[in-house]
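# Please work out how this folds:
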Amino acid sequence: MTDPYESLANAIILQAAKDYRMARKKLKYHPKNKDAKLMIEDLEGFFRSDWFAALTTIDGELLLRKLQEEWLS
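Numbering: from 1, shown residues only. Here you go, the predicted model:
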């Protein structure tokens, strides 16, 4: 059985990844979209934060690189 706190932490991280992808997509079609740029900056900060590290053992920098690579291919 999964710990409810672990499930919540996983849901937070999955939502952040979804939001990052959505913001990147918006920025691709609307390069001057300030809200998308701000969302990307905020999420990149989250993936590098102590809070992210407290939620999971996943390497935030590695996850961020993987998300960024999706837009380079």
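# hey, let's count contacts and neighbours off CA atoms from now on
Noted.
# can I get the CA coordinates of the helix or strand residue 43 falls within in CSV?
Using DSSP states H and E, residue 43 sits in helix 34-47. The C-alpha trace of helix 34-47 is given here as CSV (Å, rounded to 0.1, in the frame of the first residue of the first chain):
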residue,chain,number,x,y,z
LYS,A,34,5.0,36.3,-20.7
ASP,A,35,2.8,34.0,-18.6
ALA,A,36,4.4,30.9,-20.3
LYS,A,37,7.9,32.3,-19.8
LEU,A,38,7.1,33.0,-16.1
MET,A,39,5.6,29.6,-15.6
ILE,A,40,8.8,28.0,-17.1
GLU,A,41,11.0,30.0,-14.8
ASP,A,42,9.0,29.2,-11.8
LEU,A,43,8.9,25.5,-12.6
GLU,A,44,12.6,25.3,-13.3
GLY,A,45,13.1,26.9,-9.9
PHE,A,46,10.8,24.3,-8.4
PHE,A,47,12.7,21.4,-9.9
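# Report all helices and strands that the helix or strand just after that helix contacts.
Beyond helix 34-47 on the C-terminal side, the first helix or strand identified by DSSP H and E is helix 50-55. Where contact means 3 or more CA pairs under 8 Å, 6 or more residues apart in numbering; DSSP states H and E, helix 50-55 is packed against helix 4-29.
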